[in-house]
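Undergrad: The sequence and its predicted three-dimensional model are supplied below.
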Amino acid sequence: MTDINTRALDRELKRGAAELLILSLLDARPRHGYELSKLIHTRSRGQLTFHIDSLYPLLYRLEERGWIKGTWIEKPNERRRRFYKVTTEGRRVLAQQRKTWAAFVEAVQRVTGDEHA
Amino acid sequence: MPDWTQHVRPRLSGLRLSPTREAEIVEELSQHLEDRYRELIASGMSPEEAERVALADFRDGNVLAEYMAPLRQAHPPSAITPGAPRGKLLSDFWQDLQYAARTLWKRPGFTAAAVLTLAIGIGSNAAIFTVVNAVLLRPLPFPHSEQIVAVYTRYLPSTGYDFKYFALSGPEFGDVARHVDAFSAIAAYRFNSANLTGGNGETERVGTLSVTSGFFDVLGVKPIRGRTFTDEEAQRRERCLALLTHGALADDASAIGSTIRLDDAPCEVIGVMPEGFAFIDDDVKVLTALPINTKENRGSHPFMAIARLRDGVSAEQADAQLQSLRAYWSEQFPEHYAKGHFAIIRSLQEDIVGDQRDALVLLIGAVLFVLLIVCVNLAALLISNGETRRREFAVRHALGANRRRLIQQMFTEAMLLAVIGGVIGVMLANALLAGLLALYPQRLPVSQVITIDYAAVLYTCGLVILAGFLFGFIPALHATGVRMQEILRTDSRTATSSRRTVGARSVLVISQLALSVILLVGALLLIRSYQQLQQVDLGFETNHSLTFTLSIPAGRERDADAARRKLAAIEDQLAATPGVEVAGAISSLPLVWAGPPDDFAIEGRPAPPPGTPAWSARYLMATPRMFRALGIPLRRGRLLTETDVAGQPMVAVINETTARLYWSGEDPIGKTIRYYPQETSPSIQIVGIVGDVRSIGPSDPAPPTLYVPLSQSPRPQYEGRAMTFIVRASGNPTAITPSARSAVASVDAGLPLASVRPMSEIVSEASGQPRFTTLVMSFFAIIAIFLAALGLYGILAYSVEQRVREIGVRVALGANKREIFRLIIGNGMRLALVGVAVGVPSALALTRLMKGMLLGVTSADPLTYIAVVGMLLISALLASYLPARRATRVDPIVALRAE
């Protein structure tokens, strides 16, 4: 696979899933970008990695859609960080996407299960 | 620690982020790298290694920019190019508006010219439309006023008379009321005047209106307090009942049941009319009952009448019923009707404003021409504006503005111009309207407040914009549409484009010049006709006289002879007043409505056979001194004298017209006549002939007139209780008003003076309508020629500007200044001559419609046309002068280098 193809695949695979991941993680509490990337990496046990150059454009896109909202927050003795939280609209989308995802996974499992049976 | 920002920022440089947003992203991503770096260091990496690993998160080929590019924030927040499309209507409009304001502000000459032109067009049109609307178009202030008609009788010329609209006799009125069931109500009325004494004892001379009981049903108006009188009450004459118009007495509420005195006779107030009620004459303060004898005097026509058509009945149906009445009359009373005398109707609105229509229609026509000129001027302005801005449009197009947006921009500019022009136009219209109303010679149909009609303003505004678009916008489309790149590459002022502009503008300027020729001819014809009117010898002395009317009602002086003696005593008193040269009295002044003429018979001559014109003349009572006071010259015989008193043989003086009409080839002096009814009226001997007086109006010939001495009063109806005094002063006539008042008061302190005014004012009023028309028309003509000259100036100035290089070359090749000057002047004059060539035939055709308004000049008056052509050429010369002078100052070196 060439580099271009990797990127294309990356984009295609992550398009739906990545949004779901981000929204789910932010649903619990507001987080900043680095925290999000670390969480995804550790929770997927290294299987999923968001590069800096794809994570932030994704965040900005979700923000433009009004699903999440970023705010600069300053803590004592720290540089300010941009924290993102899910908006009401984002929560509605998240619920929808979770359902779709579950249905999708179930369908995939049925197909692949049949193959292995 | 590494500076992460220098790694992040370059990756964003390809995007069009706003500076603040870019700074935020740089900060956020640097923070991310920093966090990563610290973590890697903490896990034991060397700083160099940690930096390398952290930065490795950025993949090759600037994936960040690729992923960011589709985001909205990566696009420019606002168009840098005015006119670039953004697709947001409101903000686009706001932007366009700001841009338009800036553009117009930067072009003060163009803006001022356009706004001024628009304001003149909108202002004058709105003002005239408002007057026309109020006079001609607005319905009369009565419910379903379109159902109200005026009823007249008509005498065809075959009867020997020619009265299109003549009053009705009592029996005629009764017949119409009985036979025509197309009318739901019919009423007769008569205007008069009386001395009104209210509760406070003060007396004033007021207008009165006597009406039959149907009057209120015809108009559909009820008194706001009290009641109207019944038909029976009206016919029974023993009790005087009156309705007052609103505010006639100070207190409406207590008026009902109170007693006022009309000409010193007591009268019970039974009703008060609602506020704003006025019928034809808004000076009327008292309405009284009009008794009407429908049995006798079929030949005497004292009544005016109005009627209301039944719901659903047309005027044609009513006409048809009147036609059958005509047949009935001809059969029953052939001596009265067989020759062509019958009843007719016309709408009340038409009846009231009909005579003002011609002048107003002419003015509407003129003001529409002005509007046309305004539009043409505006179009010419817009065309050259579009041309000069071709380059600007091309640049903006190149910077991303699309054509639709550029057109939208031009539209916004036009709208802004229209709004500013409209606002100034409305202010102008208000001023013009005030002037028009102050000048307006006629009583407006009803007392109503006339203000600028905003509908008219909007309408005019719309018209101007529309026309501006048709002429100016299409070239603008053209300007934005063609060869954008070409324009950028070459110069905008290519020969073809400017030549086309000059061509288009030439057509516009020619049409402007032609239109102003028409208006100038119209105005000049009116002016010449008005001059003729002023030079007409009215036949009496119009200056230095004060006039006023005195009335001695029966309630004040029971005996008519005593009343006349009192008037004579007042005349003597006036004559003896210092500053008074002579004082006389007459029953009706020249130029003041005197009612229809009276018929007479000539003794010793068989009466004119039925159907041929009866002998008739205005019957005026006068004191002997009246002839000197009015300056009426004696032609033959003698004037009336102090010895012509009651008991002496009755005498009369006739005017030249009477002598010519009824005694041609004979000497009227010594002949005797009798008035109708012949049996009871005494014979009158004609003792003298005096000069003619144009007593109907300056443009009408003198009517046959007969003067009898006040002291002889030969007919019972003419008691001579009301006379108008003419007091000739040695100085300013109005200055003697106080001494005239005290002279009257020294004879009878309770007599009010009515209609106190100098004779010159009456004369001036008599030519009020032509003066109004002439003034307004001249005003429009001046605007027209001014705008046309402005247009001509504009196009010449533009073409000189465009031809600077050509002129430079000519000068360089040896052309001298005079040749250059002649070239430009020649251009201007050629346009002017074409304008004249188009305008003169149009004017000849159109002014023929004005024939009815002209006196002493024909519509093809050659002097007028010569003057107009001269005026136009002189204006054209003036308009060409400045551009021509500018052309002679072209320095060839500068001109050739400038391009």
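TA: Structure's in. What do you need?

Undergrad: rest of the way, CA atoms for contacts and neighbours
TA: Will do.

Undergrad: sec struct for the residue nearest to B:Asp283 when sequence neighbours are not counted, please.
TA: Leaving aside its chain neighbours, B:Asp283 sits nearest to B:Gly207 (5.5 Å; criterion: Cα to Cα, 6 or more residues apart in numbering or on different chains). What DSSP: H, G, I helix; E, B strand; the rest coil gives for B:Gly207 is strand.

Undergrad: ok, now the one 3 residues further on?
TA: Secondary structure for B:Ser210, judged by three-state DSSP, is strand.

Undergrad: Show me what it is bridged to.
TA: B:Arg190, B:Thr288 (DSSP bridges).

Undergrad: Count the neighbours of it for me.
TA: Close neighbours of B:Ser210, defined as other Cα atoms under 10 Å in any protein chain shown, add up to 20.

Undergrad: residue contacts, it?
TA: B:Tyr189, B:Arg190, B:Phe191, B:Asn192, B:Leu287, B:Thr288, B:Ala289, B:Leu290 (Cα atoms under 8 Å, 6 or more residues apart in numbering or on different chains).

Undergrad: just how off-centre is the host helix or strand of B:Arg36 within its chain?
TA: Element membership for B:Arg36, per DSSP states H and E: helix B:19-42. Centroid separation for helix B:19-42 versus its chain: 79 Å, with Cα atoms, centre = their mean, to the nearest Å.

Undergrad: Any buried residues in the next helix or strand after it, and which?
TA: The helix or strand immediately downstream of helix B:19-42 is helix B:47-55, counting by DSSP H and E. Using 16 or more other Cα atoms under 10 Å in any protein chain shown as the test for burial, helix B:47-55 gives B:Ala50, B:Glu51, B:Val53, B:Ala54, B:Leu55.

Undergrad: Return the residues of chain B in contact with chain A.
TA: Contacts of chain B with chain A, taken as Cα under 8 Å from any Cα of the partner chain, map to B:28-29, B:31-32, B:35-36, B:57-59, B:63-64, B:67-68, B:71-72.

Undergrad: Can you tell me which of the residues you listed is closest to B:Pro841?
TA: Within those, the smallest distance to B:Pro841 is 66.5 Å, found for B:Arg72 (Cα to Cα).

Undergrad: measure the nearest residue to that closest one once chain neighbours are set aside to B:Arg16 for me?
TA: Closest residue to B:Arg72 apart from its sequence neighbours, by Cα to Cα, 6+ apart: A:Glu64 at 7.5 Å. Between A:Glu64 and B:Arg16 the computed distance is 16 Å (Cα to Cα, to the nearest Å).

Undergrad: mind listing what's buried in whatever helix or strand B:Val836 lives in?
TA: Using DSSP H and E, B:Val836 falls within helix B:817-847. Within helix B:817-847, the residues that qualify as buried are B:817, B:820-821, B:824-825, B:828-829, B:831-840, B:843-844, B:847, counting by 16+ other Cα under 10 Å.

Undergrad: which strands and helices sit next to it?
TA: Using 3 or more Cα pairs under 8 Å, 6 or more residues apart in numbering or on different chains; DSSP states H and E, the elements in contact with helix B:817-847 are helix B:495-535, helix B:768-802, helix B:862-888.

Undergrad: OK, now which residue of the stretch 551-700 of chain B is nearest to chain A?
TA: Among all residues of the stretch 551-700 of chain B, B:Ser699 sits closest to chain A, at 84.6 Å; criterion: Cα to the nearest Cα.

Undergrad: tell me the SS of that residue?
TA: What three-state DSSP gives for B:Ser699 is coil.

Undergrad: ditto for the one 3 residues further on
TA: The local conformation at B:Ala702, judged by three-state DSSP, is coil.

Undergrad: and the gap between it and chain A?
TA: Counting by Cα to the nearest Cα, to the nearest Å, the separation of B:Ala702 from chain A is 93 Å.

Undergrad: Next: B:Gly835.
TA: Look at B:Gly835 and chain A: by Cα to the nearest Cα, they are 65 Å apart.

Undergrad: List the residues that contact that residue.
TA: Contact partners of B:Gly835, counting by Cα under 8 Å, 6+ apart, are B:Val509, B:Ile510, B:Ser511, B:Gln512, B:Leu513, B:Ala514, B:Val517.

Undergrad: I'd like the residues you listed laid out as TSV, including pLDDT, distance to A:Glu19 and neighbour count.
TA: Output for the contacts of B:Gly835, formatted as TSV (pLDDT from 0 to 100; distance: Cα to Cα, whole Å; neighbours: other Cα atoms under 10 Å in any protein chain shown):
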residue	pLDDT	distance to A:Glu19	neighbour count
B:Val509	83	69	30
B:Ile510	88	72	25
B:Ser511	87	70	24
B:Gln512	86	70	31
B:Leu513	88	74	33
B:Ala514	90	75	28
B:Val517	90	78	30
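
Undergrad: closest to B:Asp3 among these?
TA: The shortest approach to B:Asp3 among the contacts of B:Gly835 belongs to B:Val509, at 71.4 Å (Cα to Cα).

Undergrad: re earlier: out of the helices and strands packed on helix B:817-847, nearest to B:Arg405?
TA: helix B:495-535 (22.6 Å).

Undergrad: and that closest one, what other elements does it pack with?
TA: Counting by 3+ Cα pairs under 8 Å, 6+ apart, helix B:495-535 packs on helix B:348-388, helix B:768-802, helix B:817-847, helix B:862-888.

Undergrad: Check which residues of stretch B:652-665 are buried.
TA: If you call a residue buried by 16+ other Cα under 10 Å, then stretch B:652-665 has these buried ones: B:Ala652, B:Val653, B:Ile654, B:Asn655, B:Glu656, B:Thr657, B:Thr658, B:Ala659.

Undergrad: Isn't the second one up against B:Ile689?
TA: Same thing as B:Val653. Yes: if you go by Cα atoms under 8 Å, B:Val653 and B:Ile689 touch, sitting 5.7 Å apart.

Undergrad: overlap in contacts of the two?
TA: Residues touching both B:Val653 and B:Ile689 (Cα under 8 Å, 6+ apart): B:Arg638, B:Leu639.

Undergrad: Direction-wise, compare the strand or helix carrying A:Lys38 with helix B:19-42 and give the angle.
TA: For A:Lys38, the host element (DSSP H and E) is helix A:33-43. Relative orientation of helix A:33-43 versus helix B:19-42 (axes from the mean of the first three to the mean of the last three Cα atoms, to 10 degrees): 40 degrees.

Undergrad: and of the contacts of B:Gly835, the nearest to chain A?
TA: For those, the nearest to chain A is B:Val509 (57.6 Å; Cα to the nearest Cα).

Undergrad: what separates B:Gly826 from B:Val890, distance-wise?
TA: 18 Å.

Undergrad: coming back round to it: now look at the helix holding A:Lys38 and say if it contacts chain B.
TA: Yes: Helix A:33-43 is in contact with chain B by Cα under 8 Å from any Cα, via A:Gly33, A:Tyr34.

Undergrad: Identify the residues contacting the very next helix or strand once past that helix?
TA: Next helix or strand after helix A:33-43 toward the C-terminus (DSSP H and E): helix A:52-65. Identification of contacts with helix A:52-65 by Cα under 8 Å, 6+ apart yields A:19, A:33, A:37, A:68-70, B:29, B:32, B:57-59, B:63-64, B:67-68, B:71-72.
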